[in-house]
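Q: Let's see this in three dimensions:
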Amino acid sequence: MIERLFLRQVYRELEDDRSGIHVSDLVTLNICPRLFWFEKNQPLPPDVDHALKMWQGKKLHEIVLGDLHEYEIEYEEIKGRIDDYISDLGILIDKKFVGYLPKDDKDVEKYYDHYILQLKLYSYMLTMLGYPVKEALILFIKVSENNPFREYRFEPNIQECEELFKSLKERAEEIVKMGQPPEIPENANPFDYPCSYCKYRSRCYSLDAEARAVYAENV
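A: As a prediction, this is how the structure comes out:
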C-alpha cells in the first residue's frame with residue numbers, strides 16, 4: 001500500500017504541460033523521428049523504472065546553481081526549461097544523473113551527444129532572448145563512485161546552434177502533423193540502441209510489415 005501511495009505521488013509530481021513542441025522533443029526527434037511522432041501523437045505513460053529515474057532527475061534540478069534557475073523559456077513557439085544560467089558569466093548549466101560516468105570528453109561526445117545537442121539548442125534560444133551563452137556545462141553525477149562527478153564544457157557556436165534549431169524545428173512541425181509515423185530509419189534494429197530501450201518498440205514494429213517480420217524472427 002505504501003509503495004502505491006509513493007508511486008502515485010511520484011507520477012503526480014511528474015505531471016507537466018507537454019502541449020506544443022519542447023526542446024526535449026527536438027532532441028528526441030534527432031534520435032528517432034518515429035519515437036518523436038509516438039510521443040506527440042500516441043504517448044504512453046512512463047513505466048515505473050523510467051518514472052523513478054525522471055523523478056530523481058527532477059529532484060536534482062531543485063539544487064540552485066545560477067540566478068536563473070528552472071527558468072522557462074520560449075522562442076519561435078519552441079518551449080523549454082533550463083536548469084541554471086549564471087548571468088554575469090554567461091554560463092549555462094545542465095545537471096544529469098547517469099548510469100555510466102564518462103571518463104573524458106570523448107566519452108561524453110560518444111555516449112551523451114544528445115545532452116550536448118540539448119544545450120546547443122538552449123544556447124541559441126537564450127542568446128536570441130537576450131541571455132548570451134559564453135560557455136555551456138554539463139555536470140554528470142553517478143552515485144556509488146569514489147568521485148561521482150564529471151564536468152563537460154564547451155563554447156557554443158551560435159551559428160551552428162541556429163542551424164540545428166531551425167532544421168529540427170522545421171522537421172518537428174512537419175512530422176507532428178502526419179497521420180501516421182514516418183518510416184523506420186534504414187539503420188534501425190529492434191535489438192540495438194535506441195530501439196532496445198524504447199517503450200514503443202513493439203507498437204512501432206507491429207505497424208510495419210517488413211519490420212514486423214524482422215522483429216518476430218528475433219523475439
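Q: Pretty sure Ile82 sits in a strand.
A: Yes. According to DSSP: H, G, I helix; E, B strand; the rest coil, Ile82 belongs to a strand.
Q: show me the residues around it that make contact.
A: Contacts of Ile82 were listed using Cβ atoms under 8 Å, 6 or more residues apart in numbering, and they are 68, 70-71, 73, 92, 94, 122, 126. C-beta: built from backbone N, CA, C; applies to glycine.
Q: If we use 6 Å, what do you get?
A: Taking Cβ atoms under 6 Å, 6 or more residues apart in numbering as the criterion, Ile82 is in contact with 71, 122.
Q: which strand residues sit across from it in the sheet?
A: Assessed by DSSP bridges, Ile82 has beta-bridge partners Tyr71.
Q: Okay, it and Ile91: tell me how far apart.
A: Per Cβ to Cβ, to the nearest Å, Ile82 is found 11 Å from Ile91.
Q: got it, and Leu126?
A: Applying Cβ to Cβ to Leu126 and Ile91 gives a distance of 11 Å.
Q: Which of those two has more residues huddled nearby?
A: Legend: neighbour count by other Cβ atoms under 10 Å for Leu126 and Ile91, higher for Leu126 (26 against 17).
Q: okay but that one is in contact with Val133, surely?
A: Yes. Between Leu126 and Val133 there is a contact under Cβ atoms under 6 Å: 5.5 Å.
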